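S.K.: 3D model of this:
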Amino acid sequence: MTARGTLVFDLDGTLVDSVPDLAGSLDQLMAEKGLDAFGIDATRRLIGHGIPNLVRKALEQRGVDVGDTAPATDVKRFTEIYSGRLSRETRPYPDVEDVLGRLRAEGWALAVCTNKLERYARAILADLGLADLFAVVSGPDTFGVGKPDPRHLTETIAAAGGAAPAIFVGDSEVDVATAKAAKVPVVAVSYGYTKTPLDSLDPEALIDGFDALPAALAKIAMAA
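M.R.: A predicted model of the protein is given here:
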């Protein structure tokens, strides 16, 4: 049976609020290095380009000269800490499970395209009871590219079957840039981790809650 279309979702800040576990992991790393903790609010502002970038930015803000990339030992240690608490406090946003279930029942193929490593994304979705909803879960290690490279999104769409229309749902300037580079319509959610006012980036739709997603999809379909 041909899918109605393909819906691809970012993970952190779109489907789940993972900041508490990321912040706890980052603060443990900082403590081990004798540096001040960040806490949830400050960590939220660092998220968006994957773990190496998170660690690099954190070290820079604590006065550590790291150049263009975070030291591999620090990234490795962060991933060791984080892998032990992936879903300790991470939870889906309100209405995510119900709306995803309804969209899948309506015939949409669902996929995840995240800058979190694939195995971590899969583990979180499984722990939260969401894994069976998705045909594909891709991280930057899945196809060898990560957002904002448009190939991360286009390869995810293809792996999910490629049914048109394909629409991306995300929470950040990285997600909007990825979708636009891939020439894929994008629904932006306002409740996530963006550092830029999303309405200034001209997404096809901007929603304040996940329950508004079906109406936004209908709007995009009508415009097409």
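
S.K.: And the strands in this structure?
M.R.: Using DSSP state E, the strands of the chain run over residues 5-9, 16-17, 91-92, 108-113, 136-138, 166-170, 186-189, 205-207.

S.K.: Tell me the gap between the fifth one and the middle of its chain.
M.R.: Strand 136-138 sits 11 Å away from the centroid of its parent chain (C-alpha atoms, centre = their mean, to the nearest Å).

S.K.: The third one now?
M.R.: Using C-alpha atoms, centre = their mean, we find the averaged C-alpha position of strand 91-92 to lie 13 Å away from the chain's own average C-alpha position.

S.K.: Tell me how far residue 171 lies from residue 32.
M.R.: Separation of residue 171 from residue 32 (C-beta to C-beta, to the nearest Å): 30 Å. Quick note: C-beta positions are derived from backbone N, CA and C, even for glycine.

S.K.: what about those two, which has more around it?
M.R.: Neighbour totals were compared for residue 171 and residue 32, and residue 171 leads with 26 against 12 (other C-beta atoms under 10 Å).

S.K.: circling back to that earlier point, select, out of the strands of the chain, the one closest to residue 72.
M.R.: Proximity to residue 72 (C-beta to C-beta) singles out strand 136-138 among those, at 23.2 Å.

S.K.: quick revisit: can you put the strands of the chain in a markdown table and add distance to residue 178, mean pLDDT and mean neighbour count?
M.R.: Listed next are the strands of the chain as a markdown table, based on distance: least, C-beta to C-beta, whole Å; pLDDT from 0 to 100; neighbours: other C-beta atoms under 10 Å:
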| stretch | distance to residue 178 | mean pLDDT | mean neighbour count |
| --- | --- | --- | --- |
| strand 5-9 | 10 | 97 | 25 |
| strand 16-17 | 19 | 97 | 22 |
| strand 91-92 | 22 | 98 | 16 |
| strand 108-113 | 8 | 98 | 25 |
| strand 136-138 | 12 | 98 | 24 |
| strand 166-170 | 7 | 97 | 27 |
| strand 186-189 | 8 | 98 | 27 |
| strand 205-207 | 16 | 97 | 19 |
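
S.K.: Quick one, which of those strands gets closest to residue 119.
M.R.: Judging those by C-beta to C-beta, what sits closest to residue 119 is strand 136-138, at 9.3 Å.
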